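Enquirer: pasting the structure only:
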C-alpha cells in the first residue's frame, strides 16, 4: 500500500487560485464521499484551510492514484481557468514527510504556526468518522500528531508570531503604528481565525472591537468573553461608518463587498480611510474594492509578506525539526514496507464509525496540548 498526496498551497498558488478549490465545512461530507468512492482509492482525507487544499490517500497503484486525485481536485475548481502547475503530487515517502511537515507548521505561511495542527486533526476526525480511513491513514495521521507535539515541545520553532492571526495584527501595526490601540476594529466572521485575531488585538491593547457573525450566538459568546461589542449580521454594512479596520474571515462562497457596495459607505465616511484585511478563502472582498478612494485592501498574500519576516527568526530551528521529521518518516516507512499485503476485500471495506471511536479522542493519545 502506498500513501499519496495531491494539493496546492500558498507557495504554489496565489489566493485568487486557491479559492477556486476550497472545500467549505458544509460540503466536506459530500466531497469526502465522492473522493472515497473513486476507483483505486482505499482511504482518503481532505485537508482544506485558507492556505492549502490537500488530498491524502492510500492506494495500491501510485501512478493511477495520483492521476485520479489530480483530476478530482481539478474538477473541484469553481472555474477551470488556472495554471496546472499550481498542483504538487507526492508519493511515498515524500507524502509522509510532507504531512509531518504540515502538521508541525513547517509548511505554513507563518513558519511554526500552531493553528494548522488543529485543522489537520479536524480533517482526520471528519474523514475517520465518515468511514474513509483505515489502518494506513489512521496510523499515519496519529504519527503526524505525535511528530507535531515533539517538534513544538523540543524546539523553539513556535517562538514569536506563530499564526495567521498574529501576523494579521502585525500588518495592522505596520499600518497604524502606535495608533493601533486607538483604532476601531470590526471582525466579520468569528471562526477560529477571527477569534485568534480578536485575542491578539486584545493582547496588544486594542479596546474598541466589534464582532459580527452569521451565528449571533457564537458572536455573543465570544464578545462576552473578550469584552467586545456585537453587531447584528444584517447591519454590519451600515455599522462600518466609524470603523478604521475591517478584518474579514467568513465562509461566504461569494464576496460580501465590492466596489459598488462599498461606494455609498465610503461617501458616508467622507472617504475617510478604511483598511480591510481579508483572511477568507474564497475572499470576502472583491479586488475591485481597492479602486475606491480611501479603501486599502490587503489579503492573505499581504500576510505572507509579514510571515516571511517571522520565518527568518525561526529559520535556525529548522534543522532540529527536520531531523525529528526524517526520523519519524523513516520509522513509518519501515512499518509500511514490512506490513503484510491486505486482501482485496479488506482494502475495499469501509471502517464503521464505532470501530474508530477510540481514535477520535486524540487528546487521550497525545495529551490535551497535542
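Expert: All right, it came through fine. Just so it is clear, the structure is predicted and the values come from calculations on it, not from any experiment. Numbering: from 1, shown residues only.

Enquirer: ranges for the helices of the stretch 201-350 of the chain?
Expert: Residue ranges of the helices in the stretch 201-350 of the chain, as given by DSSP state H, counting those that start in this stretch, are 216-226, 259-268, 300-314, 318-338, 344-348.

Enquirer: which one of the ones you listed is the most hemmed in?
Expert: Scoring the helices of the stretch 201-350 of the chain by mean neighbour count under mean count of other CB atoms under 10 Å gives helix 300-314 as the most buried, with a mean of 18. Backbone N, C-alpha and C define where each C-beta goes, glycine included.

Enquirer: any chance you could list what contacts that one?
Expert: 10, 14-15, 50-51, 108-112, 156-162, 164, 167-168, 170-171, 174, 277-279, 281 (CB atoms under 8 Å, 6 or more residues apart in numbering).

Enquirer: show me how this protein divides into domains.
Expert: 2-154+340-366, 164-309 (automatic domain parsing).

Enquirer: for the shortest one, what is the average pLDDT?
Expert: When pLDDT is averaged over domain 164-309, the result is 91.

Enquirer: adjust the sequence numbering to begin at 800 for everything that follows.
Expert: Got it, the first residue is 800 from now on, which makes the last one we talked about domain 963-1108.

Enquirer: circling back to that earlier point, any of the contacts of helix 1099-1113 buried? List them.
Expert: Listed as buried from the contacts of helix 1099-1113 are 809, 814, 849-850, 907-911, 956-957, 959-961, 963, 966-967, 969-970, 1076-1078, 1080; burial here means 16 or more other CB atoms under 10 Å.

Enquirer: so of these, which ones are in helices?
Expert: Mapping those onto helices (DSSP state H) picks out 814, 963, 966, 967, 969, 970.

Enquirer: check these and tell me the two furthest apart.
Expert: Distance extremes for these: the farthest pair is 814 and 969 at 18.1 Å, using CB to CB.

Enquirer: stretch 966-984: end-to-end distance?
Expert: 16 Å (CA to CA, to the nearest Å).

Enquirer: list the buried residues in that stretch.
Expert: Quick answer for stretch 966-984 (16+ other CB under 10 Å): 966, 967, 968, 969, 970, 971, 972, 974, 975, 979, 982, 984.

Enquirer: now swap in stretch 993-1000 and tell me
Expert: 993, 994, 995, 996, 997, 998, 999, 1000.

Enquirer: wait, residue 1070 sits on residue 1095?
Expert: No. Between residue 1070 and residue 1095 no contact is recorded; they are 11.8 Å apart, counting by CB atoms under 8 Å.

Enquirer: overlap in contacts of the two?
Expert: By CB under 8 Å, 6+ apart, no residue touches both residue 1070 and residue 1095.

Enquirer: circling back to that earlier point, closest one to residue 1119 among the domains of the chain?
Expert: domain 801-953+1139-1165 (7.3 Å).

Enquirer: run the chain-centre distance for the closest one.
Expert: 12 Å (CA atoms, centre = their mean, to the nearest Å).

Enquirer: returning to that earlier point: which of the ones in helices among the buried ones among the contacts of helix 1099-1113 sits closest to residue 1005?
Expert: Distances from residue 1005 to these, taken by CB to CB, are shortest for residue 967, at 12.0 Å.

Enquirer: residues touching the closest one, list them.
Expert: Here residue 967 is in contact with 996, 999, 1046, 1076, 1078, 1102 (CB under 8 Å, 6+ apart).

Enquirer: want to try a markdown table for those residues, with distance to residue 937 as columns?
Expert: As requested, the contacts of residue 967 are exported to a markdown table (distance: CB to CB, whole Å):
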| residue | distance to residue 937 |
| --- | --- |
| 996 | 34 |
| 999 | 35 |
| 1046 | 37 |
| 1076 | 38 |
| 1078 | 32 |
| 1102 | 33 |
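
Enquirer: with those in mind, which one is nearest to residue 949?
Expert: residue 999 (26.2 Å).
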